[in-house]
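K.L.:
sharing a model that was predicted from the sequence below.
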Amino acid sequence: MNTLSAKVQSVFEEPGCATNQAKPDKERKKGCNKLLAPGAAAGGCAFDGAKIALQPITDVAHLVHGPIGCEGHSWDGRGSKSSGPMLYRTGFTTDITEQDIIFGGEKHLYKAIKEIVEKYNPPAVFVYQTCVPAMIGDDLEAVCKAASAKFGKPVIPVNVPGFVGSKNLGNKLAGEALLDYVIGTEEPAETTPYDINIIGEYNLSGELWQVKPLLDELGIRILACISGDSRYHEVACSHRARAAMMVCSKAMINVARKMEERYGIPFFEGSFYGIGDMSEALRNISGLLVERGAPAELLERTEAVIAREEERAWSRIAPFRERLTGKRVLLFTGGVKSWSVVAALQEAGMVIVGTSTKKSTPDDKQRIKELVKDDAHMFDDLKPREMYKMLREARADIMLSGGRTQFVALKAMMPWLDINQERHEAYAGYEGIVALIREIDKALFNPIWEQIRKPAPWDAVAGQHELWIQVA
Amino acid sequence: MARVIAGEKRCTVNPLKMSQPIGAALAFMGIEGAMPLLHGSQGCTSFGLVLFVRHFREAIPLQTTAMSEVATVLGGFDNVEQALVNIASRTKPALIGVCTTGVSEIKGDDLNGFLKLIRNDHPELGQIALVDVCTPDFEGAFQDGWAAAVSRMIEELVEVPISGAGLSRRINVLPGSHLSPGDIDELRDLFEAFGLEPIFLPDLSGSLDGHVPEQFMPTTLGGTSLEDIRKMGSSCWTVAIGEQMRGAAITLEHRTGVPYRLFDRLTGLAVNDDLMSFLAEASGVAVPVKYRRQRSQLVDAMLDGHFHFGGKNVAVAAEPDLLAAMTHWLSEMGCTIQAAITTTSSPVLEGIPAAEVLRGDLEDLELRAAGADLLVTHSHGRQASERLNIPLFRVGIPVFDRLGAGHQVTVGYKGTRDLIFDVGNLFMANMHEGHPQTWAPWSCGAHGSADAHESQ
């Protein structure tokens, strides 16, 4: 446990994190784990976060050491896509029982690793620690070390018992496991001046593939995506990249910063959501590569692609303008995505009438303010009951949010679109933003709304009816 | 009949099983105004919550005591106390069902004792019913947790009648966790048709049947009322559905003297005949015309369907009571049970119409299902179905890649009739048609279906 506490502490003192650095010393020591209120908490645990961050490595076995609740309730539930191997979608768990709790689970774990190696022979096995074996003192690192020596392949300990903290902490601890055991352990067959890493992109619904064709066109090679649609070997070789883009800052900043420190790989923070951000990302990737020695003509080619794609995207959004102008959007999502899709929604004529700033940094908030002016409400924490009231009173035309609030919107008979990680549609890059606008249009103009908002004939109340007619 | 064996693997691959705490939580979700609470780290709750949201496509009330590492070491009293106080003030529930998890069980928190102390210290908890249930993740499975929660509700909430029970038309129904909200609706109609007044414990048809409430509810949207639960002691009978409910039925009988009758399944012709006879006798009402007609429709569906079921090989993986219902029914339609996989021990397993029942996982199912005509399990069977190129009929929880899981009906004459249509249609859609080589003597396959599989 001592090594784990030290690791957690070191993650909390992340110098690359602006929020963290802005805190006084004493507060920084407390870490960035929000204290959870029992009976009023929502969200995943550290194990959940680690699995989200690492499971997109598609060719390895992900083995969960714990009772059935940890893997049994969650396996094959995340939308990360693979262009090849499918082993990452297989659920492996020790499913420990009372016997293990009495006698210790280490031998059980060792044998489980052995079975995986014999049956599936993956390039590596990632082993996730959970609360129960952590409590009984199973030494994850020792078992992984022994198994690795015996079977002659990497067995990576990911020490993330759920009770150490939130999903976000789990993301970072997963990053630490990569830094400690994977990155820099293998060498690529060849390198080019156009090699980049993309850090914190999980290829949900295949979003990486909305971006990759443009990089391919520019001759830019993704040496490793950490970890969307990646292979173990790619991540192990990622220390040879020339530059990196960090996609979701809160999740994996430790990986980007430490790779810069250890291997001199410069990085920038960017997003693939929204036209402006996508262009900025391409510009930054090329800029960093040229700084690191790639031929300068890359910049020109990049600008040409940006110009072409921007024009194409805007022209594809334009036809929606007429239908969408004036439609009021409630936007509830994490920090980065909020402001990066706002511009596109506005371009299509929509009005942002409210947005959440729960996960946003002060910087994010400032940008939102500039973008939406004063006509939007910024909510730090809107309770479901109030959200329902707002939607029921038709103070918006559509809500964009994550699955958690899906039914608040739908039960208020309000169009809703999933824009969080569980969604089935891909919204990245120029392609993605057009898809998002198309999905909004589909949701708003579906003929069901008019039908379901009419009250049943036996309890038609004039006032209620008119309210919905107004909306439709 | 069947030999029941436990797998010898040390690594579970593609889990079939889910754990006790969320089984118990689902049982509490069948109570009106309830808020289930898992005493463990927040991941225990969030995984369960996401699973139920994806299955029912409904908002799911489920809270956590959010145990941190330090709280786990020191004991969870403070967290349980804060959670109860927070839930009481925020959501004003009628009942809070507190389930332990692996984390709190290993620490050895005395949850029952905690609740007594907390109630004494917090008058603001007032009338809120508090029920604790012991559900470690590392023992048993989902249906065990469900059954344990129902037993605990009976112990804590059912009032012992003053006079002898048994003259009313009230009847208790204890459905197993394998019954959907749609099944409960179907059974309610049936019991009422006999002039009986059923109290279902729990009643998911009030809460998770997918309806649009008039206002926002932070707790369950409906379900069994506490008032109804209290009067279960004065019912004439208890009907338990699924062997898993025997313990709860006995608990209720010991506490109140209400006799019980257990039906280990309600899928198929003969078992529903038994139920009808029982209800006719218990109510003194002859089997209503509507149900005689439904029986006749089921018989006709069996006639039409048997061509497609006869001789088919089916591999089934499910919790014991659901496994029993599906395998007996399939076998009664002429199918052979090629593989039977389950999650936890149960007396029904020995009676399953298969050579062997394995407590195992979906890797075991996949290995034993080669050449089968149909897979029957929850949505996680989809990968095996793709790899083996065998159609999958989805049953149980979770079903996250199809609509209407909450309304899948498998009980009663009508439920069985529709099941014959659904499964029969899958067989028909996957019929192997002959081609010029199918019957050639040198062809390696002896018959069409084997040939088709080998060409994959």
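P.N.:
Cool, got the structure.
K.L.:
every contact and neighbour count from this point should use C-alpha atoms.
P.N.:
Fine.
K.L.:
need the residues of the stretch 351-456 of chain B near chain A, please.
P.N.:
Neighbours of chain A within the stretch 351-456 of chain B, by C-alpha under 8 Å from any C-alpha of the partner chain: residue B:380.
K.L.:
name the residue of the stretch 351-456 of chain B that lies nearest to chain A.
P.N.:
Using C-alpha to the nearest C-alpha, residue B:380 is the residue of the stretch 351-456 of chain B that sits closest to chain A, at 7.7 Å.
K.L.:
spit out the contact partners of that residue.
P.N.:
A:76, B:14, B:16, B:398 (C-alpha atoms under 8 Å, 6 or more residues apart in numbering or on different chains).
K.L.:
and it, how close does it get to residue A:74?
P.N.:
Using C-alpha to C-alpha, to the nearest Å, one obtains 11 Å as the distance from residue B:380 to residue A:74.
K.L.:
among the contacts of residue B:380, which pair sits farthest apart?
P.N.:
Using C-alpha to C-alpha, the pair of those lying farthest apart is B:14 and B:398, separated by 13.5 Å.
K.L.:
so which of these two has more stuff around it?
P.N.:
More neighbours surround residue B:14 than the other of residue B:14 and residue B:398, with 26 against 21 (other C-alpha atoms under 10 Å in any protein chain shown).
K.L.:
adding pLDDT as columns, could you present the contacts of residue B:380 in a markdown table?
P.N.:
Below are those laid out as a markdown table (pLDDT from 0 to 100):
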| residue | pLDDT |
| --- | --- |
| A:76 | 93 |
| B:14 | 98 |
| B:16 | 98 |
| B:398 | 98 |
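K.L.:
where does the chain have low pLDDT?
P.N.:
With no chain named, the answer covers chain A. Chain A contains residues with pLDDT under 70 at A:1-2, A:16-35, A:249, A:334-340, A:357-361, A:364-365, A:367-368, A:372-376, A:421-422, A:461-472.
K.L.:
switch to chain B, that's the one I care about
P.N.:
Scanning chain B with the threshold set as pLDDT under 70 gives B:164-167, B:443-456.
K.L.:
not counting residues beside it along the chain, what's closest to the residue in it positioned nearest to chain A?
P.N.:
Nearest residue of chain B to chain A (C-alpha to the nearest C-alpha) works out as residue B:83 at 3.7 Å. Closest residue to residue B:83 apart from its sequence neighbours, by C-alpha to C-alpha, 6 or more residues apart in numbering or on different chains: residue A:39 at 3.7 Å.
K.L.:
and the gap between the one you found and residue B:29?
P.N.:
Using C-alpha to C-alpha, residue A:39 is found at 16 Å from residue B:29.
K.L.:
check the offset of the strand or helix carrying the residue of chain B closest to chain A from the chain's centre.
P.N.:
Taking DSSP states H and E as the definition, residue B:83 sits inside helix B:77-91. Remark: helix B:77-91 is offset 29 Å from the chain centroid, using C-alpha atoms, centre = their mean, to the nearest Å.
K.L.:
how about stretch A:5-17?
P.N.:
Centroid separation for stretch A:5-17 versus its chain: 20 Å, with C-alpha atoms, centre = their mean.
K.L.:
buried set for that stretch?
P.N.:
By 16 or more other C-alpha atoms under 10 Å in any protein chain shown, the buried positions in stretch A:5-17 come out as A:8, A:9, A:10, A:11, A:12, A:13, A:14.
K.L.:
any chance of these in JSON lines, with secondary structure and distance to chain B too?
P.N.:
Listed next are these as JSON lines, based on DSSP: H, G, I helix; E, B strand; the rest coil; distance: C-alpha to the nearest C-alpha, whole Å:
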{"residue": "A:8", "secondary structure": "helix", "distance to chain B": "12"}
{"residue": "A:9", "secondary structure": "helix", "distance to chain B": "14"}
{"residue": "A:10", "secondary structure": "helix", "distance to chain B": "17"}
{"residue": "A:11", "secondary structure": "helix", "distance to chain B": "17"}
{"residue": "A:12", "secondary structure": "helix", "distance to chain B": "16"}
{"residue": "A:13", "secondary structure": "coil", "distance to chain B": "19"}
{"residue": "A:14", "secondary structure": "coil", "distance to chain B": "21"}
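K.L.:
where exactly do the helices run in the stretch 201-350 of chain B?
P.N.:
With helices called from DSSP state H, counting those that start in this stretch, the stretch 201-350 of chain B shows them at B:204-207, B:226-230, B:246-256, B:269-283, B:289-309, B:320-332.
K.L.:
ends of stretch B:27-36, what's the gap?
P.N.:
Criterion C-alpha to C-alpha; first-to-last residue distance in stretch B:27-36 is 9 Å.
K.L.:
end to end on stretch B:23-40, go ahead and measure it.
P.N.:
With C-alpha to C-alpha as the measure, stretch B:23-40 spans 15 Å from end to end.
K.L.:
do any residues in the helix or strand harbouring residue B:49 lie close to chain A?
P.N.:
Residue B:49 is located in helix B:42-56, with elements delineated by DSSP H and E. Yes. Counting by C-alpha under 8 Å from any C-alpha, contacts between helix B:42-56 and chain A involve B:42, B:43, B:44, B:46, B:47, B:48, B:51.
K.L.:
check contacts around residue B:140.
P.N.:
When contacts are counted by C-alpha under 8 Å, 6+ apart, residue B:140 touches B:19, B:20, B:343, B:344, B:345.
K.L.:
what about the second one, distance to residue B:284?
P.N.:
Relative to residue B:284, residue B:20 is positioned 39 Å away (criterion: C-alpha to C-alpha).
K.L.:
do the same with the last one
P.N.:
When distances are taken as C-alpha to C-alpha, residue B:345 and residue B:284 turn out to be 37 Å apart.
K.L.:
same drill for the two, tell me which one is more crowded.
P.N.:
With neighbours defined as other C-alpha under 10 Å, residue B:345 and residue B:284 compare such that residue B:345 has more, 17 against 12.
K.L.:
look up the closest residue to whatever residue of the stretch 151-300 of chain A ends up closest to chain B, ignoring the ones flanking it.
P.N.:
At 4.6 Å from chain B, residue A:163 is the closest residue in the stretch 151-300 of chain A, using C-alpha to the nearest C-alpha. Nearest residue to residue A:163, sequence neighbours excluded (C-alpha to C-alpha, 6+ apart): residue B:68, at 4.6 Å.
K.L.:
give the helix, strand or coil label for residue A:245.
P.N.:
What DSSP: H, G, I helix; E, B strand; the rest coil gives for residue A:245 is strand.
K.L.:
so what's it bridging to?
P.N.:
Using DSSP bridges, the bridge partners assigned to residue A:245 are residue A:198, residue A:268.
K.L.:
and it, how many neighbours does it have?
P.N.:
25.
K.L.:
and if you look at residue A:383?
P.N.:
10.
K.L.:
kindly report the same for residue B:82.
P.N.:
17.
K.L.:
what does the one 3 residues further on give?
P.N.:
The criterion is other C-alpha under 10 Å. On that basis, residue B:85 has 20 neighbouring residues.
K.L.:
the spatially closest residue to it that is not a sequence neighbour: what's it in contact with?
P.N.:
Residue nearest to residue B:85 in three dimensions, not counting chain neighbours: residue B:125, with 7.2 Å by C-alpha to C-alpha, 6+ apart. Contacts were defined as C-alpha under 8 Å, 6+ apart; by that measure residue B:125 touches B:84, B:85, B:88, B:119.
K.L.:
residues contacting residue B:55?
P.N.:
B:397, B:398, B:399, B:400, B:405, B:406 are the contacts of residue B:55 under C-alpha under 8 Å, 6+ apart.
K.L.:
of these - the most surrounded one?
P.N.:
residue B:397 (26 neighbours).
K.L.:
can I see the domain layout of chain A?
P.N.:
For chain A, the structural domains run A:2-34+A:41-181, A:195-311, A:325-457, going by automatic domain parsing.
K.L.:
dump these into CSV; add distance to residue B:223 as well.
P.N.:
Formatted as CSV, the domains of chain A follow (distance: least, C-alpha to C-alpha, whole Å):
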stretch, distance to residue B:223
domain A:2-34+A:41-181, 24
domain A:195-311, 37
domain A:325-457, 18
